[in-house]
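J.: structure, please.
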Amino acid sequence: MSAIDCREFREKHVGFIDDTLPAIDMEAMREHVLSCPRCARHDTSVRRGLLIVRNLPRIEPSPDFVARLNARLQELRLATGARDMTRHYRAPRGYFAALAAGLALAGYLALEALHRLAPPAEIRLPPVVATAPATPPSPLSDPAFVGAISTGMPVWPAVLMAEQAPQHLANAELHEAALR
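T.: Prediction:
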């Protein structure tokens, strides 16, 4: 069962008095009345007021009441003149200027909202051409490497060892895997 607070109690109080709330809400309202003296006083005063109003004697107008009322209204119409009964409303001078400014602002805001909600214009990018990646140079095509092998020199160039040899070995492994 859900506990309710004083604000919710006052919002649902009419339904509580008329017994139109769901059973779970009615029970929660009863529990709140028992636990909150302030809301209990409010409930008691509203219920007492309704009891007084419901027990008032019914007022019955006299049988000729409607005829007398219509005759009196006719006398008042004739006494004050028909033109006084139909007074025309005149708006203040700045009323139409304020109305026009408000409509212009509303139109501007509507156009801005439409502009922001509109899909963006089509974006066209220049065409892209895909090309095959450049193959790394083979160590055998390097004249210094070839020269070192053919002469039997034991010293290899440091640049070849640091940069090109790992690339060549990796490419060789990929090439072998592609052949399988």
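J.: quick check: pLDDT value at the spatially closest residue to residue 47 that is not a sequence neighbour.
T.: Once flanking residues are discounted, residue 47 sits nearest to residue 17: 6.7 Å by CB to CB, 6 or more residues apart in numbering. C-beta: built from backbone N, CA, C; applies to glycine. pLDDT recorded at residue 17 is 92.
J.: what residues are up against residue 17?
T.: Listed by CB atoms under 8 Å, 6 or more residues apart in numbering, the contact set of residue 17 reads 43, 46-47, 50.
J.: just the buried ones from the residues you listed, in ChimeraX syntax?
T.: Listed next is the ChimeraX selection for buried residues among the contacts of residue 17, using 16 or more other CB atoms under 10 Å:
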select :43
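J.: which of the contacts of residue 17 fall in helices?
T.: 43, 46-47, 50 (DSSP state H).
J.: mean confidence for stretch 34-53?
T.: Computed over stretch 34-53, the mean pLDDT rounds to 92.
J.: typed the wrong thing, it's stretch 108-116
T.: According to the model, stretch 108-116 has a mean pLDDT of 80.
J.: likewise stretch 131-146?
T.: Rounded mean pLDDT across stretch 131-146 is 66.
J.: remind me which helix or strand the residue nearest to residue 16 when sequence neighbours are not counted belongs to.
T.: In space, and not counting its chain neighbours, residue 16 is closest to residue 29: 4.5 Å by CB to CB, 6+ apart. Following DSSP states H and E, one finds residue 29 within helix 23-35.
J.: great, nothing more from me.
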